[in-house]
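Sharing a model that was predicted from the sequence below.
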Amino acid sequence: DAKTTQPTSMDCAEGRAANLPCNHSTISGNEYVYWYRQIHSQGPQYIIHGLKNNETNEMASLIITEDRKSSTLILPHATLRDTAVYYCIVRVRPGGTSYGKLTFGQGTILTVHP
Amino acid sequence: DSGVTQTPKHLITATGQRVTLRCSPRSGDLSVYWYQQSLDQGLQFLIQYYNGEERAKGNILERFSAQQFPDLHSELNLSSLELGDSALYFCASSGLDRGSDTQYFGPGTRLTVL
């Protein structure tokens, strides 16, 4: 799986958009970008994933650059409950040599302030 | 609520002992994953089972073993426990058979070895 680089920490004001960047310059053509978050020792929570097109769901939007070397997770209206560690993970879908597992890095600690 | 359940929530035991952690996947999910999260190592993949068979192995110690039963629940057995085994243990499940490899995590079991 490709290595990812994320800022160690970020701050955001409540009600504003939180934009979390992720660099994955060595991503392969068959690797997807996944985002998970972990709120204070709870189980990681799936947010969104994508291959090359931008994706949006009820939680967030995922913007992937055209060269796929970086991506941004957008929380459109951050709340205090969005304070968490956000993990950007790049992996192949099942069937590849990295079948199944998620490889978590250190992630970005997002703190949402009142 | 991810639909994945884990028991017990907390476990305190002594060095040298053996414990069993239990995981029930989301209804219909055939694939179960185990992860360990310690302060110094972060979230690490241990092992994956698919429909009762071991599918992938990560950094799982020989003192640790797992299995998935016909009803699809899984157990992680940790033996000859050491202080360094103190960690959060998470189980995740996915519906690979239904074309979705998104992993949904349980709330975890916090193991403390004294």
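Yep, it's here.

Now do the strands in chain B.
Listed in chain order, the strands of chain B (DSSP state E) span B:5-7, B:10-13, B:19-24, B:31-38, B:42-50, B:53-57, B:64-68, B:74-78, B:87-94, B:104-105, B:109-113.

give me the residue from chain B nearest chain A.
B:Phe105 (3.4 Å; C-beta to the nearest C-beta). Where you see a C-beta, it was placed from the backbone N, CA and C, and this is true even at glycine.

can you count the residues close to that residue?
Counted by other C-beta atoms under 10 Å in any protein chain shown, the residues lying close to B:Phe105 total 23.

The nearest residue to B:Trp34 once chain neighbours are set aside: neighbouring residues, count only.
Of all residues not flanking B:Trp34 in the chain, B:Leu46 sits nearest, at 4.3 Å (C-beta to C-beta, 6 or more residues apart in numbering or on different chains). Using other C-beta under 10 Å, B:Leu46 is surrounded by 21 other residues.

One more: A:Asn57?
A:Asn57: 11 surrounding residues under other C-beta under 10 Å.

and it, what are its phi and psi?
phi -140, psi -170 (degrees, to the nearest 10).

Can you pull up the residues of chain A that come close to chain B?
Residues of chain A that fall close to chain B, judged by C-beta under 8 Å from any C-beta of the partner chain: A:34, A:38, A:41-46, A:49, A:87, A:93-94, A:99-106.

quick one on the thing from earlier: between the strands of chain B, which one is closest to A:Pro21.
Proximity to A:Pro21 (C-beta to C-beta) singles out strand B:42-50 among those, at 19.7 Å.

ok and the residue in chain A nearest chain B?
Closest point on chain A to chain B, by C-beta to the nearest C-beta, is A:Gly43, at 3.4 Å.

now that residue: how far from B:Tyr33?
Distance, A:Gly43 to B:Tyr33, by C-beta to C-beta, to the nearest Å: 11 Å.
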